[in-house]
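In: build me a structure from this.
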Amino acid sequence: MSRSHSHNHTHSVKDLKGRNLIISIFLNILITVSQVIGGLISGSLALLSDALHNFSDVVSLIVSYIANRLSKKEASLQRTFGFKRAEILAAFINSATLIIVAILLIIEAVKRIQHPEPIQSNLVIWLALLGILANGFSVLLLKKDSQANMNMRSAYLHLLTDMLASVAVLVGGVLMQFYQIYWVDSLLTLAIAIYLIWMGFDLLKQSTKVLMLFTPDTIPVDQIVKQINAFAEIKSVHHIHVWQLNENEIHLEAHIDFNKNITLTQFDAILQDVEVLLLKKFKINHVNIQPEFGKDDPKDIIVQD
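Out: Presented below is the predicted three-dimensional model:
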């Protein structure tokens, strides 16, 4: 009974994530269209840059939604892991687009600083308020899921930075309205761009490490070797690979050299103890061990395949 309940709860959570993403997509399409029209009419580069960022939000949210749907697909003979890495790939794409958009904004801001133009600040203020409200609502929708899922975190960061960008645009609109400080528009664009790079780089680095099969930062391989070697029956642990498949799965494969030629039943009992150790102390939930006795092969902890 408890297994069935857990399974249904997981599906309801995933369906809720998909629904929240769809709502956020439509809200960002509305903001993007409004800000493009408003930016062209008002002449505000900050508003157009916010619209460009919102457009990247639409793309990133669509990518996140597709990845979320793909991640539910079952494994097959052609795809033995299914699409479990789809959400990591989406996080990589989304973080990369954040940085690309930021670079484009910096280029445009520098051009505008060299050739400043008057701006209709009233329109800027109202559209910035629209951006704050719509993106703020989307941020609240995705905040909970962003804490445990890299894909949702990438979508959440897009929306959070865009909400903050809209706040900056609002401040700029007020300054232009009452003090005619038009250069603040370009300055805010630069600030938005730098913030995008700062927010996107860390997520890009994390997702790249997962895609490159790097050992997770939280996994001390030397400590794993030391604790497995502490088993009386084990002579050495070598040829270790540790990688993160997705947000929920960390895999380890290794060769274990035994002190004597044990039976398969004895190996199964030792393997179970090793799996419990790895799960409890290191959160490694997928273990593949190759047993050996007197085999002539490299005994280094890390061996280049």
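
In: give me the distance between the nearest residue to residue 261 once chain neighbours are set aside and residue 142.
Out: Take residue 261 and drop its neighbours on the chain: the residue closest to it by CB to CB, 6 or more residues apart in numbering is residue 293, 4.9 Å away. To be clear about C-beta, it is placed using only N, CA and C from the backbone, and glycine gets the same treatment. Distance, residue 293 to residue 142, by CB to CB, to the nearest Å: 52 Å.

In: who has more neighbours, those two?
Out: Each of residue 293 and residue 142 has its neighbours counted (other CB atoms under 10 Å); residue 142 has more, 25 against 13.

In: what is the helix or strand containing that one packed up against?
Out: Assigning secondary structure by DSSP states H and E places residue 142 in helix 121-146. If contacts are counted by 3 or more CB pairs under 8 Å, 6 or more residues apart in numbering; DSSP states H and E, helix 121-146 sits against helix 2-42, helix 45-70, helix 150-179.

In: okay if I get those as a markdown table plus mean neighbour count, mean pLDDT and distance to residue 112?
Out: Output for those, formatted as a markdown table (neighbours: other CB atoms under 10 Å; pLDDT from 0 to 100; distance: least, CB to CB, whole Å):
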| stretch | mean neighbour count | mean pLDDT | distance to residue 112 |
| --- | --- | --- | --- |
| helix 2-42 | 16 | 68 | 12 |
| helix 45-70 | 24 | 77 | 5 |
| helix 150-179 | 23 | 80 | 12 |
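
In: in CSV: those helices, plus distance to residue 271.
Out: As requested, those are arranged in CSV below (distance: least, CB to CB, whole Å):
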stretch, distance to residue 271
helix 2-42, 24
helix 45-70, 33
helix 150-179, 30
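
In: which one of these lies closest to residue 190?
Out: helix 45-70 (9.5 Å; CB to CB).

In: just how off-centre is that closest one within its chain?
Out: 14 Å (CA atoms, centre = their mean, to the nearest Å).

In: show me what secondary structure element comes after it.
Out: Next element after helix 45-70 (DSSP H and E): helix 86-114.

In: now the longest strand seen in the chain: average pLDDT?
Out: When the chain is parsed with DSSP state E, its longest strand is strand 234-244. Mean pLDDT, strand 234-244: 94.

In: need phi/psi at the residue nearest to residue 261.
Out: Reported as degrees, to the nearest 10, the phi and psi values for residue 293 are phi -150, psi 110.

In: OK, contacts around it?
Out: Applying CB atoms under 8 Å, 6 or more residues apart in numbering to residue 293 gives the contacts 257-258, 260-262.

In: what's the closest of these to residue 70?
Out: residue 257 (40.0 Å).

In: what's across from that closest one in the sheet?
Out: residue 236, residue 292 (DSSP bridges).

In: you'd agree it is up against residue 292?
Out: Yes: counting by CB atoms under 8 Å, residue 257 does reach residue 292; the two are 4.8 Å apart.

In: need the contact list for the most centrally placed residue in the chain.
Out: For the chain, residue 150 is the residue whose C-alpha lies nearest the centre (CA atoms, centre = their mean; 3.2 Å). For residue 150, the contacting residues are 87-88, 91, 203, 206-207, 210, 247, by CB under 8 Å, 6+ apart.

In: closest one of these to residue 273?
Out: When these are compared against residue 273 (criterion: CB to CB), the nearest one is residue 247, at 27.1 Å.

In: can you tell me the SS state at the closest one?
Out: Secondary structure assignment for residue 247 (DSSP: H, G, I helix; E, B strand; the rest coil): coil.

In: surely it touches residue 85?
Out: No: assessed by CB under 8 Å, residue 247 is found out of contact with residue 85, at 10.2 Å.

In: could you find the closest non-adjacent residue to residue 258?
Out: residue 293 (5.0 Å).

In: and the one helix or strand residue 196 maps to with helix 86-114, angle?
Out: Using DSSP H and E, residue 196 falls within helix 183-211. Helix 183-211 runs at 160 degrees relative to helix 86-114, counting by axes from the mean of the first three to the mean of the last three CA atoms, to 10 degrees.
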